[in-house]
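# Okay, here's the prediction I keep looking at, along with the sequence it came from:
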Amino acid sequence: MLKRLSLRWQLTLMTALFVIFCCIALSYFISTSAVLHMDKIEDSFITIFPKEMLSDVEIETKGGFFTLTDDFLAEVSDTKMVFWQQSIFITLIVTCISSGFVYMIMGYCLRPLNRLSRQVRQVHSQNLHKKIEVEHTSREITNLSDAFNEMLDGLENAFAVQRQFAANAAHELRTPLAITRSKLDVFKKQSEHSSGDYETIFSVIELQSTRLSKIVDVLLEMTELQSIERSDPIFLDELIEEILCDLTDFAKERNVTLQQQFSGVECVGSSLLIYRAIYNLVENAIKYNVEGGRVFIHTKQASSFVTVVVEDTGLGIPESDYEKVFEPFYRVDKSRSRSMGGAGLGLALVKEIARQHGGTVQVLESSPGGSKIQITFCSINHL
């Protein structure tokens, strides 16, 4: 029930309860002390003056003489009761007055929070660039406003990346469809078709549908990464050896030599995802290498991270593209990538797999004589 009330009322009620408790406790101790002293005075009078002698006793005061009556003891008892009643009444008055003050003070103190709440309600996906006004009224409100603005920055970047990704994906998916459709339109306009025409149109459809299938497969893989368990013990030497074995035929076609340095490094993660990440790096190193080139893979362990470095003797990557090559659909040489069937998602997938395993991927160095790309994984289960 209390949770349904506003914060202002919750604080007011809690303060009122605290005041009541304090007043009751204070009144109890004061009243108990006063009544105790009254009881002592009463007992002293009874001890000194028997009940039948009370009417004959006169006490001198500043205003004259005070004569005790037979109702003295009853008056003492009534005084105790009045004292208790007044204490309770005063407690209620103090509680009501203090609660009213607390309610007004809380309203004043919570005004920045209410203004912040109104600003937050006005935020939506189309105006994430509009920041919350930071009011330096209290450190808590300032910290909350700063934290919310930081969150808006992150959301704005995420939305921008998502929009860019969607636009790039739409472009990549539209291109093979447009090529296929244009070829079919030309084919339909021809009145007569030779066997060569059929072979051409079938080869175009097969090539473009294969390209579409690859793009869709990688997109699906990128959306399913978080659902894959990442708790397998992995011996990287064995995993890399398996990758090189799977890519041997591809390397022979391009006359590229594959080499591996064994180091006995282990890590914990998804063997499927780490296989795919290293596979993509090695495949790229072979694909964009020179005739008679070499790809060298070595691993090492530092603290709680393992590092895999893939070196090649290819044409290299411009320094301005060191970060961009890991963005979805980005290609350094677009014409060459398309001719090789690349969709521009391989390295983006590598980056996401590394992130899912608490690591990073980066281009260490690159020149016309080759490139060196490093990927790191957390060597323990970081989940």
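On my side now, so go ahead.
# show me where the chain has strands.
58-61, 64-67, 232-235, 257-261, 266-269, 294-302, 305-312, 361-367, 370-378 (DSSP state E).
# Mind putting those into a markdown table with mean pLDDT and distance to residue 177?
All C-beta atoms are positioned from the backbone trio N, CA, C, and that covers glycine. Below are the strands of the chain laid out as a markdown table (pLDDT from 0 to 100; distance: least, Cβ to Cβ, whole Å):
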| stretch | mean pLDDT | distance to residue 177 |
| --- | --- | --- |
| strand 58-61 | 50 | 112 |
| strand 64-67 | 50 | 113 |
| strand 232-235 | 88 | 38 |
| strand 257-261 | 93 | 36 |
| strand 266-269 | 87 | 37 |
| strand 294-302 | 91 | 34 |
| strand 305-312 | 93 | 33 |
| strand 361-367 | 91 | 31 |
| strand 370-378 | 91 | 32 |
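# nearest to residue 141, of the ones you listed?
Comparing the strands of the chain against residue 141 with Cβ to Cβ, the closest turns out to be strand 370-378 (37.0 Å).
# Now residue 293. Its backbone dihedrals?
When read as degrees, to the nearest 10, the backbone of residue 293 gives phi -80, psi -170.
# can you tell me which helix in this protein is longest?
helix 139-189 (DSSP state H).
# Check residue 186 and give its pLDDT.
pLDDT, residue 186: 83.
# Then residue 250?
On the pLDDT scale, residue 250 gets 91.
# Next, the contact list for it, please.
Residue 250 is in contact with 283, 286, counting by Cβ atoms under 8 Å, 6 or more residues apart in numbering.
# again, but for the one 10 residues further on
With contact taken as Cβ under 8 Å, 6+ apart, residue 260 is in contact with 237, 240-241, 244, 296-298.
# what do you get if the cut-off is 10 Å, keeping everything else the same?
By Cβ atoms under 10 Å, 6 or more residues apart in numbering, residue 260 lies in contact with 237, 240-241, 243-244, 282, 295-299.
# Please, where are all the helices along the stretch 1-150 of the chain?
Listed in chain order, the helices of the stretch 1-150 of the chain (DSSP state H, counting those that start in this stretch) span 7-48, 72-109, 111-121, 139-189.
# now for these, which one comes closest to residue 316?
Judged by Cβ to Cβ, the one of these that comes nearest to residue 316 is helix 139-189, at 24.1 Å.
# other SSEs contacting the closest one?
helix 111-121, helix 195-223 (3 or more Cβ pairs under 10 Å, 6 or more residues apart in numbering; DSSP states H and E).
# Dump those to CSV, plus mean pLDDT, mean neighbour count and distance to residue 286.
Converted to CSV, the helices and strands packed on helix 139-189 look like this (pLDDT from 0 to 100; neighbours: other Cβ atoms under 10 Å; distance: least, Cβ to Cβ, whole Å):
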stretch, mean pLDDT, mean neighbour count, distance to residue 286
helix 111-121, 80, 14, 52
helix 195-223, 79, 14, 17
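# Looking at those, which is nearest to residue 251?
When the helices and strands packed on helix 139-189 are compared by Cβ to Cβ, helix 195-223 sits nearest residue 251, at 20.0 Å.
# Check which helices and strands the closest one is in contact with.
For helix 195-223, the packing partners by 3+ Cβ pairs under 10 Å, 6+ apart are helix 139-189, helix 271-287, helix 346-356.
# would a markdown table of those with distance to residue 313 be doable?
Below are the helices and strands packed on helix 195-223 laid out as a markdown table (distance: least, Cβ to Cβ, whole Å):
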| stretch | distance to residue 313 |
| --- | --- |
| helix 139-189 | 29 |
| helix 271-287 | 9 |
| helix 346-356 | 19 |
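# With mean neighbour count as new columns, can these be given to me in TSV?
Rendered in TSV, the data for these read as follows (neighbours: other Cβ atoms under 10 Å):
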stretch	mean neighbour count
helix 139-189	13
helix 271-287	22
helix 346-356	21
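# Just tell me which of these ends up closest to residue 130.
It's helix 139-189; of those, that one is closest to residue 130 (Cβ to Cβ) at 8.1 Å.
# Now distance to residue 204 too, for the helices of the stretch 1-150 of the chain, in JSON lines please.
JSON lines is the format used below for those (distance: least, Cβ to Cβ, whole Å):
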{"stretch": "helix 7-48", "distance to residue 204": "66"}
{"stretch": "helix 72-109", "distance to residue 204": "71"}
{"stretch": "helix 111-121", "distance to residue 204": "53"}
{"stretch": "helix 139-189", "distance to residue 204": "5"}
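# measure stretch 263-281 end to end?
Length of stretch 263-281, first residue to last, Cα to Cα, to the nearest Å: 19 Å.
# Report the distance from that stretch to the chain centre.
Distance of stretch 263-281 from the chain centroid (Cα atoms, centre = their mean, to the nearest Å) equals 26 Å.
# Use 24 as the first number for this chain going forward.
OK, 24 is where the count begins now, so the last one is stretch 286-304.
# ok, how many other residues are close to the residue lying closest to residue 280 once chain neighbours are set aside?
Closest residue in space to residue 280, ignoring its immediate chain neighbours: residue 317 at 4.6 Å, by Cβ to Cβ, 6 or more residues apart in numbering. A count of nearby residues for residue 317, using other Cβ atoms under 10 Å, gives 17.
# Was I right to think residue 317 contacts residue 277?
No: Residue 317 lies out of contact with residue 277 (Cβ atoms under 10 Å); the separation is 11.4 Å.
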